[in-house]
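J.: Have a look; sequence and predicted model below, questions after that.
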Amino acid sequence: MQLVDLKPNDQDVINVFADIDRLINSLYPVATAQSLTLSELDKPNVYAIGLKNDDGIVACGAIVMQSGEPSYAEVRRLYVNPSYRGKGLSRRVMQILLHYAGEEEIPLIRLETGPKQIESIKLYENLGFKRCGCFGSYQDNPQSVFMELGLSQ
């Protein structure tokens, strides 16, 4: 499996983003989705990676640097293709993203997920994330679970 940067014009990236959108829209009302868009992948505050094999991108994730007090980065688009789940790929992607955040000296990592994504929540808790209040442009919402992880410098 190869580690690749996600580029907006790559058909494999377009396909995996469509898969993610279908999954999220099947679980939650569309109005609650605040996903990273393809066009945002080229922004300098975005680090987006995927794990690719002959089937295309089978796992991916991104970290988006946010300004404000405190400054933080948000995990977005963490996803594993259903036929590749249970193989530790989401953990691998998260570890790469967290390593990047540490290298960039980002003090705080935040994320928003949904209550129906129980396996994701377990992974985040296992990595040290704790539940927190809403942040950024998010509103309190029963379809959202907010979590954060402080990175020691």
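T.: Great, that's in hand.
J.: Give the buried residues for the lowest-mean-pLDDT helix or strand in the chain.
T.: Lowest by mean pLDDT, DSSP states H and E among the helices and strands of the chain is helix 11-27, with a mean of 88. Using 16 or more other C-beta atoms under 10 Å as the test for burial, helix 11-27 gives 12-13, 16-17, 19-20, 24. All C-beta atoms are positioned from the backbone trio N, CA, C, and that covers glycine.
J.: repeat for stretch 74-84
T.: 74-81, 84.
J.: what does stretch 134-151 give?
T.: Result for stretch 134-151 [16+ other C-beta under 10 Å]: buried residues 135, 144-149, 151.
J.: just stretch 80-99 next, same as before
T.: So for stretch 80-99, counting by 16+ other C-beta under 10 Å, buried means 80-81, 84, 89-90, 92-94, 96-98.
J.: just stretch 37-45 next, same as before
T.: Result for stretch 37-45 [16+ other C-beta under 10 Å]: buried residues 38, 41.
J.: Can you show me the strands along the chain?
T.: Taking DSSP state E, the strands of the chain run over residues 2-5, 46-53, 56-66, 72-80, 108-113, 130-131, 145-150.
J.: Could you report the separation of the most far-flung residue of the chain relative to its centre from residue 82?
T.: Within the chain, the residue lying farthest from the chain centre (C-alpha atoms, centre = their mean) is residue 54, at 22.7 Å. Using C-beta to C-beta, to the nearest Å, residue 54 is found at 17 Å from residue 82.
J.: And residue 21, by the same measure?
T.: 15 Å.
J.: ok, residue 40 - contacts?
T.: The contact partners of residue 40, taken as C-beta atoms under 8 Å, 6 or more residues apart in numbering, are 46, 64.
J.: now residue 136: how far from residue 93?
T.: Per C-beta to C-beta, residue 136 is found 22 Å from residue 93.
J.: again, but for residue 65
T.: The gap separating residue 65 from residue 93 is 17 Å, by C-beta to C-beta.
J.: what's the answer for residue 19, then?
T.: Taking C-beta to C-beta, one finds residue 19 at 15 Å from residue 93.
J.: Please apply the same query to residue 130.
T.: Counting by C-beta to C-beta - residue 130 and residue 93 are separated by 20 Å.
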